[in-house]
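In: below: sequence and its predicted model.
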Amino acid sequence: MNLKLFKSMTGVGALLFAFLVPQVSPAQSSAPNSSPTSSSQAPQSSPTAPSKQKPPASSSSLPSAPSPAQSQQEPSLQDLGFGQSQLQANPALQARLNKRTEMLKIHQRLGIITLAPMIAALITGPTAKVKGKDGRILKVPSSTNLDFHAALGSATTALYLTTAYYAEFAPRIPDEKKRGAIRTHVALAFIHGPGMILTPILGAMAFSQEQNGEKVHGIASAHGTVATITAFAYGASIVAVAWPIHLKFWEK
């Protein structure tokens, strides 16, 4: 009797235990074993994290870079130190420069042209002299030689004075300073200028004496020497500013 009662109570207790205690699933039973693994892996992944990165610098502390438009913009003339008055056009000064340039071009052309009758007058000079010594019969040059030489001398004088006019009356530029070859050109003018005034005067005196059948004498005898010095000084003044000479008269 007691044995049956014990068996029945044991069966009832096992049944109650099965209902009261929940059964553990295989996934839940393996969870405690996986948690240590994940916790052990966490310290290994932590060194890869950027733990010591510097904070980015603020944009306000960096200098602003110039934009492409600013970098391509050229400096203005005011930036280079030129005043507003210096940048304004001066029509009066420009017209003055144009007139001076044109007159000096004519001066240059006429100066070259003047060389032709000047050289010809030097060549024909000996043919216009009275030949002979004192006590001998004088050989008076023909009127053709005298007239031809006198015509060449007159043409040289006229062209020379016209050439000088275009140089002297060309408009001047304020604060203009002559340098280099121009200074030499102007300095030589103090030689051939007086020479071109004195040469025709002496030539006229010599011509008058020879027309009277006289041998050239007195100060008139210096006519040939003065003419030669004048011609050499004139040629040197041209070479000083125009060497090598490449002037083309058809160019404007």
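Out: Done, it's in. Numbers count the residues shown, from 1 in each chain.
In: show me where the stretch 151-252 of the chain dips below the pLDDT cut-off.
Out: Across the stretch 151-252 of the chain, the ranges flagged by pLDDT under 70 are 243-252.
In: can you show me the helices along this protein?
Out: Ranges of helices in the chain, per DSSP state H, are 2-20, 26-45, 68-72, 84-87, 91-124, 143-168, 181-211, 223-242.
In: so which of those is nearest Pro174?
Out: Smallest distance to Pro174 across the helices of the chain (CB to CB): 8.5 Å, for helix 91-124. Glycine gets a C-beta too; all of them are placed from N, C-alpha and C.
In: helix 181-211 and that closest one, what's the angle between them?
Out: Per axes from the mean of the first three to the mean of the last three CA atoms, to 10 degrees, the angle that helix 91-124 makes with helix 181-211 is 40 degrees.
In: what is helix 91-124 packed up against?
Out: Packing partners of helix 91-124 (3 or more CB pairs under 8 Å, 6 or more residues apart in numbering; DSSP states H and E): helix 143-168, helix 223-242.
In: got the helices of the chain as JSON lines, with mean neighbour count and distance to His217 columns?
Out: Output for the helices of the chain, formatted as JSON lines (neighbours: other CB atoms under 10 Å; distance: least, CB to CB, whole Å):
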{"stretch": "helix 2-20", "mean neighbour count": "9", "distance to His217": "171"}
{"stretch": "helix 26-45", "mean neighbour count": "9", "distance to His217": "130"}
{"stretch": "helix 68-72", "mean neighbour count": "8", "distance to His217": "84"}
{"stretch": "helix 84-87", "mean neighbour count": "9", "distance to His217": "65"}
{"stretch": "helix 91-124", "mean neighbour count": "15", "distance to His217": "21"}
{"stretch": "helix 143-168", "mean neighbour count": "17", "distance to His217": "17"}
{"stretch": "helix 181-211", "mean neighbour count": "17", "distance to His217": "7"}
{"stretch": "helix 223-242", "mean neighbour count": "18", "distance to His217": "11"}
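In: thought Tyr165 was touching Ile106, still the case?
Out: No: using CB atoms under 8 Å, Ile106 is not in contact with Tyr165, being 9.4 Å away.
In: shared neighbours of the two, anything?
Out: Common contact partners of Ile106 and Tyr165 (CB atoms under 8 Å, 6 or more residues apart in numbering): none.
In: put together CSV for the helices of the chain, with distance to Asp175 on each row.
Out: CSV is the format used below for those (distance: least, CB to CB, whole Å):
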stretch, distance to Asp175
helix 2-20, 123
helix 26-45, 85
helix 68-72, 38
helix 84-87, 14
helix 91-124, 12
helix 143-168, 19
helix 181-211, 15
helix 223-242, 21
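In: burial of Pro171, as a residue count?
Out: 13 (other CB atoms under 10 Å).
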